[in-house]
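J.: give the three-dimensional model of this entry:
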Amino acid sequence: MLAGADSLRSQPNDGSTTDEYRWTMSALEEYRALAAEDDGAILPPTKKPLEPGEHYAGVQRLTRLLSRVGDLPDGIRPSTSDLYDGEIVSAVRRFQSRHGLEPMAESARQRSRS
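T.: Next up is the predicted model:
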């Protein structure tokens, strides 16, 4: 049996929704709106995790994405440079932290030390 199946069965079957369901549906609508506004460009792949100070062809795209999802503070202007540094690095770390992800460059450094 799936975890939580009992709690699902105990919910009233009268068409009402739970707070979690409403929150999920609200988040879905937000992400659909973000996707509709986006140009759909894919970030260029890298062979290894980016380190601060490295050049990356996707910095401008990354800046737009991080701004859209709220990890890059308002007022930060998109860079015309391809340098991965400063506020972009901080925004990526906020994104990773918010999603429960270990920062990629740090985990790569830890693996190389072992």
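J.: might you report the residue contacts of the nearest residue to Glu54 once chain neighbours are set aside?
T.: Closest residue to Glu54 apart from its sequence neighbours, by C-beta to C-beta, 6 or more residues apart in numbering: Tyr84 at 5.3 Å. For every residue, glycine as well, the C-beta is placed using N, CA and C. Listed by C-beta atoms under 8 Å, 6 or more residues apart in numbering, the contact partners of Tyr84 are 50-56, 59, 62.
J.: cool, Leu34 as well?
T.: 68-69.
J.: may I have the lengthiest helix in the chain exported as CSV, CA atoms only?
T.: The residue-count maximum for a helix in the chain (DSSP state H) belongs to helix 19-37. In CSV, the C-alpha atoms belonging to helix 19-37 read as follows (Å, rounded to 0.1, in the frame of the first residue of the first chain):
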residue,chain,number,x,y,z
ASP,A,19,-5.3,22.8,1.5
GLU,A,20,-2.5,20.7,0.0
TYR,A,21,-4.4,20.1,-3.2
ARG,A,22,-5.3,23.8,-3.5
TRP,A,23,-1.7,24.7,-3.0
THR,A,24,-0.6,22.2,-5.6
MET,A,25,-3.1,23.4,-8.1
SER,A,26,-2.0,27.0,-7.5
ALA,A,27,1.6,26.1,-8.0
LEU,A,28,0.7,24.3,-11.2
GLU,A,29,-1.0,27.4,-12.6
GLU,A,30,2.0,29.5,-11.7
TYR,A,31,4.4,27.2,-13.5
ARG,A,32,2.1,27.0,-16.5
ALA,A,33,2.1,30.8,-16.7
LEU,A,34,5.9,30.9,-16.4
ALA,A,35,6.2,28.3,-19.2
ALA,A,36,3.8,30.2,-21.4
GLU,A,37,5.9,33.4,-21.0
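J.: just after that helix, pick out the following helix or strand.
T.: Sequence-wise, the next helix or strand downstream of helix 19-37 (DSSP states H and E) is strand 54-55.
J.: the helix or strand following that following strand - contacts with which helices or strands?
T.: Once strand 54-55 ends, the next helix or strand along the chain (criterion: DSSP H and E) is helix 59-68. Applying 3 or more C-beta pairs under 8 Å, 6 or more residues apart in numbering; DSSP states H and E, one finds that helix 59-68 contacts strand 83-84, helix 86-98.
J.: done for today, thanks.
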